[in-house]
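Visitor: Structural data only, the sequence is not supplied:
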């Protein structure tokens, strides 16, 4: 082909946390109109059946995947880069712009019609099942130290606790990162009370979803896995009895400090 | 009626930022199955036409609205409490649990079948239009000092800037709170560089949406109104040229500190 075709596009599409019930109509339409699906294989598998060419790749090759997708779109293909949750939150959208921002990036990439479809992110799904833990000021931190030094993670956790934010932790633990979540809980125990509510939302929205409500004093890192989203309450986050005997977790809108 | 009916329910439903294109299938179904819609009037008006009884109320009466909705559900009605964006993020879900948590709350409220439908929040819509500014660790702060002291807001802003979070500001400005956003920008200018990218996403998803990309050095509070979501970049947030001459804003996943 002799240059970019104007009918090609690249859309970074958020699939939400899993069920089609949380897939927006915009995302569904863009997936259906795509000629090519590009993404981490479990996300590509999750896209409803269709005629699209499926380019599934492994984890941790986000930048290669972004370049491949930009190339396809520059050739005139309609490319949906699929991401779990919201592609703008710890997901593929940033990788696409990193590829585009490379000084050596082909000029044709800049001409690609590019857009991002937001979606429901994992913290929102976990929060909805738990009650309303994100009802007041909060922060979201990726606990992975693959892309930033662990000292930065620890410093952010401490400042977030000092600021009395509710804290949502993405990527809390994996086989390659077994000790970081325990270290994070320990750091927070220096600042927050043992009664602080903790939500562990595992695979929320999937058939095997599990919700655990516990406290900072009692939680153990082994209760989480790589499919878990962790929410740590602020000082005024509260528990309320559920009709079924469990407990809701919510953070009041009011704050007296 | 002589007590709670088991067929009643209360669902706190997120409408997303505006267009039906961002309304999840779950939310659409729950709205259609409700007998009663309860909410701030612009949100109730936004619900697709149907037979539901519409109970629209004014702003700033969230707790009264929550009690009214719990009463209706305890009487056996199917009640959708509607909220813009995600009801769990600076919206109605926390107010429902506050009402339920009142020691004087009627016992019948505890028996109500209660759930929360997550939705796309304003920061995600603004981020998607701007690129990927929330691609790294971030926080969300409501700038309103109606529900917390201004000193708490300022302290959180300073700690968030020290932690080098991307910062999303909800409720940045209103007629009753005209100076707070300017004061927030001033506080951040003490810590962050003037080149720090700023996104102003006004009514994103609505027909009159407007996206402004500027910098901390240049932004003025008067550029925002009560329908604006403000995003302030971290130290490594970057700008990339768009095909149309504008600029994308994104925050790389990598961070060197």
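Guide: Good, I have the coordinates. All values derive from a computational prediction rather than experimental measurement. Residues are numbered from 1 along each chain as shown, chains lettered A, B, ... in the order given.

Visitor: Isn't residue A:197 up against residue A:213?
Guide: Yes: assessed by CB atoms under 8 Å, residue A:197 is found in contact with residue A:213 at 6.6 Å. Every C-beta, even on glycine, is put in place using the N, C-alpha and C of the backbone.

Visitor: So between the two, which is more surrounded?
Guide: residue A:197 (25 against 20; other CB atoms under 10 Å in any protein chain shown).

Visitor: Not counting residues beside it along the chain, what's closest to the more buried one?
Guide: residue A:233 (4.1 Å; CB to CB, 6 or more residues apart in numbering or on different chains).

Visitor: so who does the one you found touch?
Guide: A:133, A:166, A:196, A:197, A:198, A:199, A:249, A:251 (CB atoms under 8 Å, 6 or more residues apart in numbering or on different chains).

Visitor: Bridge partners for the second one, pull those for me.
Guide: Spelled out, it's residue A:166. residue A:138 (DSSP bridges).

Visitor: Show me where the stretch 51-200 of chain A has its strands.
Guide: A:53-57, A:78-83, A:113-117, A:131-132, A:138-142, A:166-170, A:197-202 (DSSP state E, counting those that start in this stretch).

Visitor: Out of these, which one sits most buried?
Guide: Of the strands of the stretch 51-200 of chain A, the one with the most neighbours on average (mean count of other CB atoms under 10 Å in any protein chain shown) is strand A:131-132, at a mean of 30.

Visitor: Pull up the pairing partners for that one, direction included.
Guide: Applying DSSP bridges, one finds strand A:131-132 paired with strand A:247-250 (parallel).

Visitor: May I see the buried residues of the partner strand?
Guide: A:248, A:249, A:250 (16 or more other CB atoms under 10 Å in any protein chain shown).

Visitor: Let me see the mean pLDDT of it.
Guide: Across strand A:247-250, pLDDT averages out at 98.

Visitor: so who does residue A:86 touch?
Guide: So, once contact is read as CB under 8 Å, 6+ apart, residue A:86 ends up touching A:14, A:16, A:118, A:119, A:120, A:121, B:120, B:124.

Visitor: The residues you listed: which two are farthest apart?
Guide: A:16 and B:124 (11.4 Å; CB to CB).

Visitor: Looking at the two, which has the bigger crowd around it?
Guide: Using other CB under 10 Å, the more surrounded residue of residue A:16 and residue B:124 is residue B:124, with 33 against 28.

Visitor: And the helices in the stretch 1-150 of chain A, which stretches?
Guide: Along the stretch 1-150 of chain A, the segments classed as helices by DSSP state H, counting those that start in this stretch run A:25-33, A:41-46, A:62-74, A:92-100, A:107-110, A:122-130, A:150-162.

Visitor: For residue A:29, which non-adjacent residue is spatially closest?
Guide: Per CB to CB, 6+ apart, closest to residue A:29 is residue B:21, 7.9 Å.

Visitor: Per-residue pLDDT of residue A:81, please?
Guide: 98.

Visitor: Now for it: which residues touch it?
Guide: Contacts of residue A:81 by CB under 8 Å, 6+ apart are A:10, A:11, A:12, A:13, A:38, A:39, A:65, A:66, A:69, A:87, A:92, A:96.

Visitor: picking that back up, which of the strands of the stretch 51-200 of chain A sits closest to residue A:46?
Guide: Per CB to CB, nearest to residue A:46 of the strands of the stretch 51-200 of chain A: strand A:78-83, 7.7 Å.

Visitor: Tell me the strands beside the closest one, with direction?
Guide: When DSSP bridges is applied, strand A:78-83 pairs with strand A:9-14 (parallel), strand A:36-40 (parallel).

Visitor: Return the distance of the last one from the chain's centre.
Guide: Chain-centre distance of strand A:36-40: 17 Å, with CA atoms, centre = their mean, to the nearest Å.

Visitor: Kindly calculate the angle that that strand makes with helix A:62-74.
Guide: Note on geometry: by axes from the mean of the first three to the mean of the last three CA atoms, to 10 degrees, strand A:36-40 and helix A:62-74 are set 180 degrees apart in direction.

Visitor: residues making contact with strand A:36-40?
Guide: Looking at strand A:36-40 with CB under 8 Å, 6+ apart, the contacting residues turn out to be A:31, A:44, A:47, A:52-59, A:65, A:68-69, A:72, A:77-84, A:92.

Visitor: number of nearby residues for residue A:97?
Guide: 25.

Visitor: wouldn't it be in contact with residue B:253 here?
Guide: No: look at residue A:97 against residue B:253 with CB under 8 Å: they stay out of range, at 10.1 Å.

Visitor: Touching both of those two, which residues are there?
Guide: residue B:135.

Visitor: what's the distance between residue A:15 and residue B:253?
Guide: Using CB to CB, to the nearest Å, we find residue A:15 at a distance of 19 Å from residue B:253.

Visitor: okay, these two: which has more neighbours?
Guide: When residue A:15 and residue B:253 are compared for neighbours, residue A:15 comes out ahead with 30 against 22, by other CB under 10 Å.

Visitor: got a list of what that one touches?
Guide: A:23, A:27, A:43, A:46, A:47, A:82, A:83, A:84, A:85, A:119.

Visitor: on that earlier part again, and the strands paired with strand A:78-83 as CSV, adding distance to residue A:242?
Guide: Shown next, in CSV, are the strands paired with strand A:78-83 (distance: least, CB to CB, whole Å):
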stretch, distance to residue A:242
strand A:9-14, 30
strand A:36-40, 35
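
Visitor: Deepest-packed of the ones you listed, please.
Guide: strand A:9-14 comes out most buried of these by mean count of other CB under 10 Å, with a mean of 28.
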